[in-house]
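[1] Let me see the structure of the following:
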Amino acid sequence: MIPKSLLLLLSALASLSYASPTANPGADADAVAAVEKRDTGVWLDLYHAGDCKSGWEPQDKSGWVWDGRCKNFDSFTYGAKVGDGDWSDCILKFWENPDCNGRATTHHVWDGARPKLGAPTSYPCFATANIGKEFYLQNGAASVQLIC
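    Residues are numbered from 1 along each chain as shown. Below you'll find the predicted structure:
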C-alpha cells in the first residue's frame with residue numbers, strides 16, 4: 001500500500017510542476033509575463049469606520065490585493081490603510097458591490113504616504129466610500145481592485 005501511495009504522490013507533484021508556466025522551460029513568454037505581473041500587490045487593512053479607529057476586518061478580508069484582481073470583503077467598509085507592497089503608481093478602486101461592479105471610488109496608493117529615512121513608509125487612513133471629501137458609496141465598499 002505504501003509504494004502505491006508514494007507513486008501517486010510523486011506523479012501528482014510531477015504533473016503540478018509541469019503545469020506551472022514558471023517551472024516549465026517550454027512555457028511561452030506571455031504566460032510567464034502574466035504570472036510576473038500578478039506579483040504586484042499591496043497589503044490593505046480594512047475598517048468599518050472611515051477613520052480606521054474601529055471595526056478592523058481580520059485576515060482574509062484585510063490582506064493582499066493583487067494587480068488586476070478583484071478582492072471581495074464585507075459591505076459597509078468605510079476605511080482602509082495600505083500596509084506594505086510594490087505600489088509604484090498603482091490605484092485602488094473601491095466598488096460598492098462584490099465582484100468589482102457598481103459605482104466606485106479611487107485612491108492613489110502613494111497619496112498621503114509619509115516616507116521616513118531609515119524606517120518604513122507610513123500610510124494614512126483614507127475613506128473608501130468618498131470621492132474627495134464627498135460621501136459617495138452609501139453602503140461603503142464591498143470589493144477592491146488594484147490597477148497598476
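[2] Okay, helices next: where are they in the chain?
    2-19, 29-37 (DSSP state H).
[3] I'd like to know how many residues surround residue 147.
    By the measure other C-beta atoms under 10 Å, the count of residues near residue 147 is 12. No exception for glycine: its C-beta is placed from N, CA and C like everyone else's.
[4] likewise residue 76?
    For residue 76, the count of nearby residues is 15 (other C-beta under 10 Å).
[5] What score does the nearest residue to it once chain neighbours are set aside have for pLDDT?
    Among residues not flanking residue 76 along the chain, residue 140 sits closest, at 4.4 Å (C-beta to C-beta, 6 or more residues apart in numbering). At residue 140, the predicted lDDT confidence score is 95.
[6] Residue 35 too?
    For residue 35, the pLDDT comes out at 49.
[7] Likewise for residue 70?
    Taking residue 70 on its own, its pLDDT is 97.
[8] Looking at strand pairing, list the partners for it.
    With DSSP bridges as the criterion, residue 70 is bridged to residue 145.
[9] That one: neighbouring residues, count only.
    16.
[10] Please report the distance of it from residue 105.
    15 Å (C-beta to C-beta, to the nearest Å).
[11] for residue 148, same thing?
    Going from residue 148 to residue 105 by C-beta to C-beta gives 18 Å.
[12] coming back round to it: lowest average pLDDT across the helices of the chain?
    Minimum mean pLDDT among these: helix 29-37, a mean of 50.
[13] So which helix or strand of this structure has the lowest pLDDT on average?
    The weakest-scoring helix or strand in the chain, judged by mean pLDDT, DSSP states H and E, is helix 29-37 (a mean of 50).
[14] Can you pull the poorly scored residue ranges out of the protein?
    1-38, 85-86, 88, 112, 114-117, 119-121 (pLDDT under 70).
[15] So which residues of it form strands?
    41-47, 63-66, 70-77, 79-85, 91-97, 101-108, 114-116, 119-122, 126-127, 130-131, 134-135, 141-147 (DSSP state E).
[16] what's the closest of the ones you listed to residue 57?
    Closest of the strands of the chain to residue 57 is strand 41-47, at 4.3 Å (criterion: C-beta to C-beta).
[17] helices or strands up against the closest one?
    Applying 3 or more C-beta pairs under 8 Å, 6 or more residues apart in numbering; DSSP states H and E, we find strand 41-47 packed against strand 63-66, strand 70-77, strand 79-85, strand 141-147.
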